[in-house]
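Colleague: Just a sequence and a predicted model for now, questions to come.
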Amino acid sequence: MGDTEFHRNSTFSFLVHDSVSFEWKIKSYNSIIMCNRQMKKIQSPLFSSKPDDKRKWYIEFVPKKIISGSTKELHIKLYRTDQDQIYVQACIFLKTATSERLLFDCDNECILYPGQWISFQENIGDVADELGWHENTPDILTIGVEIRTYFHSEVTHLTSIPKQVPLIDKQVPIIDLESRSLIADIATYFEDPTFKDVSFFIRNKEFTAHKNILASRSEVFATMFRVKMSEGLTSKVEVEDIEPVIFEKMLRFIYSDKVDDLKPAEASPLFFAAHKYDLEKLKNICIKSLYENLSIENVIQTLLLADLYSLGKLRESAMKFLVFHHSNLRNTYEFYSMVQSHPHFALELLQLQASSKL
């Protein structure tokens, strides 16, 4: 994605046809390893230099535990979706939230024939040492790639031709990080006490969880655990502003990425919990439930919540609902209390009522 460049060496000249840079951020890397019992490959999203480019690239590898002293190899492969013969130079790098980029071989120039990949490998022990990966390292691994492809009529004269290999290793199934199978694997750990390392105490009820999973889903949890570790505190957390049933639903969402059987009365307190722990998708689920279940019984509470958290569309819908059912609500204690604490609502209601009569 840049200006065209012209290059020469002793045997041929060529033009830069295209260039691509991409970073794949893998959150909760250690949790993925823990859940990936069958040693499945994981695959990055497709990427390219331009949205309409027919040539897409993706990264694929089997996650392995990064630990100093390991003698195992980390293999990372770079694939493309088209079947053209191209001349390519590629570079892979790794980094964490606290480390500099660790570059793999950047002189990997070759002709890439249909059905071929580019492979990078590095000793895991060396990777751990270079990245400074240790127990307290933020559990996020980023794999980056920089690719240049070239064209020239004399490209077939090159001699650095890679070994021909099949595009897919059929003995190892491929999954995507967002696949339902991986989410289902993680969801099973909610009921499994193995490796749980943090306890939450709410109204004399205890909930246990995995720090890595919580931290990967919520930056609030990640910050909380980092602070507690730095202060030498125990892995026990008191929660005073969320009811146990709501906290349990939030935990289940963190593990499963879904909410089962959300009752209308639970949507508001669950939204508060989602807001507290910065769970954007869960907030949207709650907002959708509140919007779809507006009623005379909950409209005032919904309006107050929408006003407090600046939820414009939900606030507008609640106000319109309130105007339409004003005769049923104006003599209730909830309506009187709302007007006393939020007098601007009274003016808005009058304006909406007047405009509806025009």
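Modeller: All right, it came through fine.

Colleague: Touching the one helix or strand residue 349 maps to from outside, list them.
Modeller: Assessed by DSSP states H and E, residue 349 sits inside helix 344-357. With C-beta atoms under 8 Å, 6 or more residues apart in numbering as the test, helix 344-357 has contacts from 303, 307, 319-320, 322-323, 326, 338-339. In this view, the C-beta of every residue, glycine as well, is placed from N, C-alpha and C.

Colleague: With stretch 264-284 instead?
Modeller: Applying C-beta under 8 Å, 6+ apart, the external contacts of stretch 264-284 come out as 217-221, 241-243, 245-247, 249-250, 253-254, 257, 259, 262, 286-287, 289-290, 293, 295, 298, 301-302, 305, 309.

Colleague: PyMOL command for the buried members of these?
Modeller: In PyMOL, a selection of the buried entries from the contacts of stretch 264-284 looks like this (16 or more other C-beta atoms under 10 Å):
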select buried, resi 217+218+221+242+243+246+247+249+250+253+254+257+259+262+286+287+289+290+298+301+302+305
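
Colleague: List only those of the contacts of helix 344-357 flagged as buried.
Modeller: 303, 307, 319, 322-323, 338-339.

Colleague: List the contacts of the closest residue to residue 260 other than its chain neighbours.
Modeller: Residue nearest to residue 260 in three dimensions, not counting chain neighbours: residue 252, with 7.4 Å by C-beta to C-beta, 6 or more residues apart in numbering. Neighbouring residues of residue 252 by C-beta under 8 Å, 6+ apart: 190, 259-260.

Colleague: Against residue 188, how distant is residue 252?
Modeller: For residue 252, the distance to residue 188 (C-beta to C-beta, to the nearest Å) stands at 12 Å.

Colleague: now the helices: where do they sit in the stretch 251-358 of the chain?
Modeller: Secondary structure of the stretch 251-358 of the chain, counting by DSSP state H, counting those that start in this stretch: helices at 264-276, 280-292, 299-308, 312-324, 326-329, 333-341, 344-357.

Colleague: now residue 88: how far from residue 96?
Modeller: From residue 88 to residue 96 the distance is 27 Å (C-beta to C-beta).

Colleague: swap in residue 65?
Modeller: Distance of residue 65 to residue 96, computed by C-beta to C-beta: 14 Å.

Colleague: same deal with residue 41?
Modeller: 22 Å.

Colleague: Is residue 149 part of a helix or strand, or is it coil?
Modeller: strand (DSSP: H, G, I helix; E, B strand; the rest coil).

Colleague: what sits against the residue nearest to residue 206 when sequence neighbours are not counted?
Modeller: Spatially, and ignoring its direct neighbours in sequence, residue 206 is nearest to residue 199 (5.6 Å; C-beta to C-beta, 6+ apart). Residue 199 is in contact with 206-208, 235-237, counting by C-beta under 8 Å, 6+ apart.

Colleague: from these, which has minimum pLDDT?
Modeller: Ranked by pLDDT, these bottom out at residue 235, which has 83.

Colleague: Report the residue spans of the chain with pLDDT below the cut-off.
Modeller: Within the chain, the segments meeting pLDDT under 70 span 1-17, 35-39, 104-109, 135-138, 150-183, 228-234, 356-358.

Colleague: Domain-wise, how is it divided?
Modeller: 6-178, 198-283, 294-358 (automatic domain parsing).

Colleague: of those domains, which approaches residue 184 most closely?
Modeller: domain 198-283 (8.0 Å; C-beta to C-beta).

Colleague: So for that closest one, first residue to last residue, what's the gap.
Modeller: One end of domain 198-283 sits 24 Å from the other (C-alpha to C-alpha, to the nearest Å).

Colleague: Ok, stretch 210-225 next?
Modeller: Stretch 210-225 end-to-end distance (C-alpha to C-alpha) = 11 Å.

Colleague: quick one: the strands in the stretch 51-200 of the chain?
Modeller: Using DSSP state E, counting those that start in this stretch, the strands of the stretch 51-200 of the chain run over residues 57-61, 73-80, 86-95, 102-103, 108-112, 118-123, 140-151, 174-176, 198-202.

Colleague: Give the pairing partners of the shortest one; include direction for each.
Modeller: Strand 102-103 pairs in its sheet with strand 86-95 (antiparallel), by DSSP bridges.

Colleague: Ok, the second one next?
Modeller: Strands flanking strand 73-80 in the sheet, each with its direction: strand 57-61 (antiparallel), strand 118-123 (antiparallel) (DSSP bridges).

Colleague: Out of the ones you listed, indicate the one that is most buried.
Modeller: Using mean count of other C-beta atoms under 10 Å, the stretch among those with the greatest mean number of neighbours is strand 57-61 (a mean of 20).

Colleague: Hey, what's the angle from it to strand 140-151? Just curious.
Modeller: 130 degrees (axes from the mean of the first three to the mean of the last three C-alpha atoms, to 10 degrees).

Colleague: got the CA positions of strand 57-61 in PDB?
Modeller: This file holds the C-alpha atoms of strand 57-61, laid out as PDB (Å, rounded to 0.1, in the frame of the first residue of the first chain):
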ATOM      1  CA  TRP A  57      -3.700 -13.400   2.900                       C
ATOM      2  CA  TYR A  58      -4.100 -15.200   6.300                       C
ATOM      3  CA  ILE A  59      -1.800 -16.400   9.100                       C
ATOM      4  CA  GLU A  60      -2.100 -19.900  10.500                       C
ATOM      5  CA  PHE A  61      -0.300 -21.600  13.400                       C
END
